[in-house]
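Student: I'll drop the sequence and a predicted model, then ask my questions.
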Amino acid sequence: MESNQPSLHDPKFTVPISDVEQQANQLELETKEFDYTKRSQWLRAAVLGANDGLVSTASLMMGVGAVKQDIKAMILTGFAGLVAGACSMAIGEFVSVYSQLDIEVAQMKRDKRRVDSGESKEKEEGEKENLPNPVQAAAASALAFSVGAMVPLLAASFIKEYKVRLGVMISAVTVALIVFGWLGAVLGKAPTFRSSMRVLIGGWLAMAITFGLTKIIGSSGL
């Protein structure tokens, strides 16, 4: 006697996609989005550090160049800006990350007091591995600032002619601003053109304002 129940070997019989597979696919998408978020946080710190070094050092050199055409004065000003800015970025990042570390350690201690088991110990060990490192963050911030600050310094170091020196420095800074904006957009999965334009226009404004105000104050005889 033949059975009316469908067989697994019947071609008309289809196996629906299980909820487990759908949840796994959704979890994978969420994990990818989370990875992009974590990467954008580190990227933001690196790009901001390099961009700050580039714009602040170039603006300082442009400001001094507005009233003094001596190459030595511009280079010394740029170098002083590099050292001061890198130290400031490193100290600020160290204090900020150390404060975050204290908060996370305190939270881990509170969680440990509430739950004391084998699972909590394993979780605590995993959390300790993910704790922020203030020294590493400070070093990375100072390095990023220094890399950006080296662009205008190297561009102006070997050119004695004043106008040519300013032109070369502005051109080098412009290229670096576009590259930093593009790099940040690509790694952060953001629109490249708009990001590059924002960084470029912001850098131009900073240099122009510093040059103009310093020129006005220097011309007034103060």
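Tutor: Ah, there it is.

Student: how about the helices in this protein?
Tutor: 19-67, 71-114, 118-129, 134-156, 162-187, 192-219 (DSSP state H).

Student: Adding mean pLDDT and mean neighbour count, write the ones you listed out as CSV.
Tutor: Yep, even glycine has a C-beta here, placed from its N, CA and C like the rest. Formatted as CSV, the helices of the chain follow (pLDDT from 0 to 100; neighbours: other Cβ atoms under 10 Å):
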stretch, mean pLDDT, mean neighbour count
helix 19-67, 70, 17
helix 71-114, 88, 15
helix 118-129, 63, 11
helix 134-156, 91, 21
helix 162-187, 90, 18
helix 192-219, 92, 16
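
Student: For stretch 86-95, report the contacting residues that lie outside it.
Tutor: Applying Cβ atoms under 8 Å, 6 or more residues apart in numbering, the contact partners of stretch 86-95 are 45, 49, 52-53, 134-135, 137-146, 149.

Student: try 6 Å this time
Tutor: G49, P134, A137, A138, S141, A142, F145, S146 (Cβ atoms under 6 Å, 6 or more residues apart in numbering).

Student: what's the spacing between the residue nearest to L60 when sequence neighbours are not counted and A140?
Tutor: Distances taken as Cβ to Cβ, 6 or more residues apart in numbering place G81 nearest to L60, at 4.4 Å, with adjacent residues excluded. The gap separating G81 from A140 is 19 Å, by Cβ to Cβ, to the nearest Å.

Student: Okay, the nearest residue to V147 once chain neighbours are set aside and E104: tell me how far apart.
Tutor: Leaving aside its chain neighbours, V147 sits nearest to A50 (5.4 Å; criterion: Cβ to Cβ, 6+ apart). A50 sits 27 Å away from E104, taking Cβ to Cβ as the criterion.

Student: again, but for T77
Tutor: For T77 relative to E104 (Cβ to Cβ), the value is 40 Å.
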